[in-house]
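Student: fold the following, please.
(chains A and B)
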Amino acid sequence: MRVYLTKRVLLFFPTLLLVTLAVFAILRVVPGDPAVLLLAGTEADVEEQYTQEQLEAMRKKLGTDRPIYIQYADWVWKMLRLDFGESYFFKTPVYDDIAERVPVTIELGLLSVILASVVAVPLGVYSAIKQDTVGDYITRVITITGIALPNFWVAIMIIFFLVLAFGYFPPLGYASVWDDPWNNLQQMIFPAIALGTSNMAFIARITRSAMLEVLHDDYIRTARAKGLSERVVIFRHALKNALLPVVTVFGYEFGRLISGTVIIEVIFLVPGMGRLLVTSIFNRDFPMIQAVVLLIAVIVLILNVLMDLLYAWLNPRIRYS
Amino acid sequence: MSVDRASEAVHIEPAPVVLRPKRTFGQNIVFFVTHKPLGAFGAGVAIILIIVALSAPVIRTHDPYESSVAMQFAKPGAERWLGGDRLGRDMYSRLVYGARISLYVGILSSLIGSTIGMVAGVASVHFGGKVDLAVQRIIDAMMAFPGLILILAIMAALGASLNNVVLALSIAYIPSTARILRSQALAIKEMDYVLAASAVGAGNWRIIMRHIIPNCFALYIVMVTLHLGGAIIAEAGLSFLGVGTPPNVPSWGGMLNGAAANVTVAWWVAIFPGAAIFIVVFAWNVLGDALRDVLDPRLRGTGTG
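Tutor: Here you go, the predicted structure:
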């Protein structure tokens, strides 16, 4: 057990190294010389507006005149100290922009996960208990529907429905939850629902299959044989064990959530990380894109390790083996 | 986004021995339709989609690129069957052409991604040891980037174009396929028939090509089908954001771009492309689930449908 956990934690480091290499290669090397990008601006047709001297001065300033491996080492070192550099577009420190937007995305993600699980877990349990009945079949169709619905279309349909049915257009943008909680709720609830549909479906499917697996275990048969009521068997015995994989899946949910927030934040004009990423892509603001992408990947890696540890801690069968 | 939903299919148990008489192709079709009605529905929609995509130039009513001031946000009617968009282009013709884009991106990227993933997974098992460890760390690193984030990063580096979308999506589908096929290949490697083959003197290459790959093939087909649905949604999402196909290209996602702002003026712009994406992805997903149940009994019960 201890060997497994040590190994699991140690493997984090080579993976992290590869992740930084990938971000550096894709977003720093492939797009070309940052000095040219900065001098030419975002428009491709103003290429000839700088001289060779300016170009070299800019390279010196950015440090891109040095060998690539030194640039990489320098970049990783800066990232480690949370020095993400300066935005090409806004000319402000990237760190400030990100720090401002992280809480917004976290609020949206949390709200969406809560909404999704409140619906999904009972749905999954119901589907498993009533396996192969009409109710199970309907629930399964609902979950496949949730997965097949593009979340941006759900968002558009929500706006459409609100306008059509209530003549209500949700206030776009973002008001801080501390300053204006009512406005904040109106702004966040609909993006959270749009974001939650596919996660709801995903969690319901996992709950169902985990529940089905547990229901066939011997101890459930024993519990029933003891004469325990079906309710006790299901909630006290089965659900408690079935929720194990579901809980750990929340760690992996983060990746799906953050993918979803990108489009949803753009539609509802929520100033979070996802929207920052998309605007930075349009602005070809590579320091910003690098920082956002690297930050997300590192959070995913850390969450994966934490989830594996949590799983081992929650599950005695792993803990004592 | 269902980019990584295929990761559900990871629970693999040793295969039970199943003996059954060989069925003919026709009997197989009948079996599939009667036992997996939802899957058969999916297959039907998939076939219709392919027919629509192939016959787009014939069944269109207008040039999908031709704009018309008079037809701006035209209501659905005789002249514009499914209405006109904000440039007065024919929604029906664009929708029909959009099927081509969706299928092109979906088929190419799921095939390329899953194939590379299968090769990586099988090679990882075959060479084992340090190679396996290295390949698995690369897969770990790739999996650290959530689906759309990896795709967006690649699109940011390469720029928006149809073939870059295919490339980005292909890369995004490698890790999950490699992971799942690796565990499948690990299980197969321990089978008696592999031992028997090596006992009668079959070489490594022969064991891989004749025993391991064919037994991974069912899972490979399932992965391709599931990724195909995910790729259609992902392409639509990218084009919706404006970082996928160029805006004038009739892609279903691109058609939805700006639909939210105009939803009160022209509901048809928001409804039809979205419904098309939904029906097609739903169909591919139920088909993938049904194929998984039929082709690979070991995975039965891990999904729905």
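Student: low pLDDT regions in chain B?
Tutor: B:1-22, B:296-305 (pLDDT under 70).
Student: at 50 what do you get?
Tutor: Segments of chain B classed as low confidence (criterion: pLDDT under 50) are B:1-11, B:300-305.
Student: which residues in it form strands?
Tutor: Using DSSP state E, no strands are found in chain B.
Student: report the longest helix in it, please.
Tutor: Ordering each helix of chain B by length in residues (DSSP state H) puts helix B:91-127 first.
Student: counting contacts, what elements does it pack onto?
Tutor: Contacts defined by 3 or more Cβ pairs under 8 Å, 6 or more residues apart in numbering or on different chains; DSSP states H and E place helix B:91-127 against helix B:37-54, helix B:56-59, helix B:129-143, helix B:162-189, helix B:213-241, helix B:252-256, helix B:267-295. Backbone N, C-alpha and C define where each C-beta goes, glycine included.
Student: and the gap between the nearest residue to A:Thr92 once chain neighbours are set aside and A:Ile189?
Tutor: Leaving aside its sequence neighbours, A:Thr92 sits nearest to A:Glu86 (Cβ to Cβ, 6 or more residues apart in numbering or on different chains; 6.9 Å). According to Cβ to Cβ, to the nearest Å, A:Glu86 and A:Ile189 sit 36 Å apart.
Student: repeat for B:Val243
Tutor: In this view, B:Val243 and A:Ile189 are 27 Å apart by Cβ to Cβ.
Student: can stretch B:68-86 be said to contact chain A?
Tutor: No: using Cβ under 8 Å from any Cβ of the partner chain, stretch B:68-86 stays clear of chain A, with a minimum separation of 14.2 Å.
Student: who's in contact with that stretch?
Tutor: Residues outside stretch B:68-86 that contact it (Cβ atoms under 8 Å, 6 or more residues apart in numbering or on different chains): B:61, B:87-92, B:94-95, B:255, B:258, B:262, B:265-266, B:268-269, B:272.
Student: list buried residues within those.
Tutor: Neighbour counting with 16 or more other Cβ atoms under 10 Å in any protein chain shown marks B:88-92, B:94-95, B:255, B:258, B:266, B:268-269, B:272 as buried within the contacts of stretch B:68-86.
Student: which of those residues sit farthest apart?
Tutor: The largest separation in those, counting by Cβ to Cβ, is between B:Tyr92 and B:Gly258 at 18.7 Å.
Student: which residues of the stretch 1-150 of chain A lie near chain B?
Tutor: By Cβ under 8 Å from any Cβ, the residues of the stretch 1-150 of chain A that approach chain B are A:11, A:14-15, A:18-19, A:22-23, A:26-27, A:30-31, A:140-141, A:143-145, A:147-150.
Student: from those, which would you call buried?
Tutor: Among the residues of the stretch 1-150 of chain A next to chain B, those classed as buried by 16+ other Cβ under 10 Å are A:11, A:15, A:18-19, A:22-23, A:26-27, A:31, A:140, A:143-144, A:147-150.
Student: out of the residues you listed, list just those in helices.
Tutor: Counting by DSSP H, these contribute A:Thr15, A:Leu18, A:Val19, A:Ala22, A:Val23, A:Arg140, A:Thr143, A:Ile144, A:Ile147, A:Ala148 to helices.
Student: for the residues you listed, which one is nearest A:Pro93?
Tutor: Each of these was checked against A:Pro93 using Cβ to Cβ; the closest is A:Val23, at 18.5 Å.
Student: what helix or strand does the closest residue to that closest one other than its chain neighbours sit in?
Tutor: Spatial nearest neighbour of A:Val23, excluding adjacent residues (Cβ to Cβ, 6+ apart): A:Leu294 at 4.7 Å. Here A:Leu294 sits within helix A:286-314, counting by DSSP states H and E.
Student: for the most centrally placed residue in chain B, what are its contacts?
Tutor: Geometric centre of chain B, nearest residue: B:Leu228, 0.7 Å, by Cα atoms, centre = their mean. With Cβ under 8 Å, 6+ apart as the criterion, the residues that contact B:Leu228 are B:Gly106, B:Ile107, B:Ser110, B:Trp284, B:Gly288.
Student: can you give me the neighbour number for B:Gly44?
Tutor: Look at B:Gly44: counted by other Cβ atoms under 10 Å in any protein chain shown, it has 13 neighbours.
Student: check the gap between it and chain A for me.
Tutor: 16 Å (Cβ to the nearest Cβ, to the nearest Å).
Student: follow-up on the earlier one: isn't the residue nearest to A:Val23 right next to A:Leu21, touching?
Tutor: No: using Cβ atoms under 8 Å, A:Leu294 makes no contact with A:Leu21, being 10.9 Å away.
Student: which one of the two is surrounded by more residues?
Tutor: Each of A:Leu294 and A:Leu21 has its neighbours counted (other Cβ under 10 Å); A:Leu294 has more, 23 against 13.
Student: how far away is the more buried one from B:Ala236?
Tutor: Per Cβ to Cβ, A:Leu294 is found 27 Å from B:Ala236.
Student: equivalent analysis for A:Phe161, please.
Tutor: Between A:Phe161 and B:Ala236 the computed distance is 20 Å (Cβ to Cβ).
Student: pick out whichever of these two has more residues nearby.
Tutor: Neighbours per residue (other Cβ under 10 Å) separate A:Phe161 from B:Ala236, with B:Ala236 holding more: 33 against 13.
Student: wouldn't that one be in contact with A:Asn151 here?
Tutor: No: if you go by Cβ under 8 Å, B:Ala236 and A:Asn151 don't touch, sitting 10.6 Å apart.
Student: the helices in the stretch 101-250 of chain A, which residues?
Tutor: A:134-148, A:151-166, A:181-215, A:218-225, A:230-232, A:240-267 (DSSP state H, counting those that start in this stretch).
Student: for the fourth one, what is the average pLDDT?
Tutor: The predicted model assigns helix A:218-225 a mean pLDDT of 87.
Student: so what does it touch, helix or strand wise?
Tutor: Of the remaining helices and strands, none touches helix A:218-225 by 3+ Cβ pairs under 8 Å, 6+ apart.
Student: buried ones in it?
Tutor: By 16+ other Cβ under 10 Å, the buried positions in helix A:218-225 come out as A:Ile220, A:Ala223.
Student: now the angle from that helix to helix A:240-267?
Tutor: If you take axes from the mean of the first three to the mean of the last three Cα atoms, to 10 degrees, helix A:218-225 sits at 110 degrees to helix A:240-267.
Student: so what touches helix A:218-225?
Tutor: Here helix A:218-225 makes contact (Cβ under 8 Å, 6+ apart) with A:Val214, A:Glu230, A:Val232, A:Val233, A:His237, A:Ala238.
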